[in-house]
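Enquirer: 3D, please:
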Amino acid sequence: MIRTDRAALLTPCGFGAALPIPVALAFLLALAAAPQRDTAANDTVEVPAGRWVWIDVPVRRAPDVGQASWPVSATALVDCRYSVESGGSGVRVTLLAREDVDRLRAGEAHGAIAGAAYARTGALRHAVPEGDYAIVVDNGLEGRTPARVRLVVTVVYPRVRQVEVRGASPGRKAAAIGLSALFLAGVWLFAGRRVLRACRERPPEPPPPSFWL
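Expert: Sure, this is the predicted structure:
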């Protein structure tokens, strides 16, 4: 839901070809490994001159979601992309915790998780833990005309679980090395016996023919 400090501003906004089995399997595997994406906003919003609007961005941990390449404490990645379509000198996009939006509305001191400078187009990406957040779009530079901003906010959840890697104990390492050596010795012995048997069973070659002049 997109909200402003005065009123809510909202602008609503085939796969049928047969694939070979290997290609279809590869597609399904890639789809299963792809991250889950939830769209928090995909709208063109109007930000009044000298004012700001905010978009609620809830982050929830899905049952099959683990950790990815971002920090271990993070649950998802908030990805915000924006572009000023008309009006305004540029907007500033900031990621806040939801309670800080209430402090901002009340004119109180508040924190910010991540932000970008005033610009007509840009992107903001930040990894966050589970919780309630908001994207704030500020048109504070422009005191005369509103800004129409194309805004796409996506919450990206990884599907790959983070596996804890533990080293084997010294006893297990020694046992693994011993078993590997025994296996290789067995392979070499078996191959050597096969070669010796083949040499012994090979029939003698006939003598070369003699030619008399």
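Enquirer: just for this protein, where's the confidence low?
Expert: Scanning the chain for pLDDT under 70 picks out the ranges 1-34, 62-74, 159-169, 201-213.
Enquirer: where exactly do the strands run in it?
Expert: With DSSP state E as the criterion, the chain has strands at 2-4, 36-47, 52-59, 76-86, 92-97, 114-115, 121-128, 131-138, 147-157.
Enquirer: pipe the ones you listed into TSV and attach distance to Ala174 and mean neighbour count per row.
Expert: From N, CA and C alone the C-beta is placed, and that goes for glycine too. Below are the strands of the chain laid out as TSV (distance: least, CB to CB, whole Å; neighbours: other CB atoms under 10 Å):
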stretch	distance to Ala174	mean neighbour count
strand 2-4	63	18
strand 36-47	43	17
strand 52-59	47	20
strand 76-86	43	19
strand 92-97	52	21
strand 114-115	50	14
strand 121-128	41	17
strand 131-138	48	21
strand 147-157	42	20
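Enquirer: okay, these in a markdown table with distance to Leu179 next?
Expert: Shown next, in a markdown table, are the strands of the chain (distance: least, CB to CB, whole Å):
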| stretch | distance to Leu179 |
| --- | --- |
| strand 2-4 | 62 |
| strand 36-47 | 41 |
| strand 52-59 | 47 |
| strand 76-86 | 43 |
| strand 92-97 | 53 |
| strand 114-115 | 51 |
| strand 121-128 | 42 |
| strand 131-138 | 49 |
| strand 147-157 | 41 |
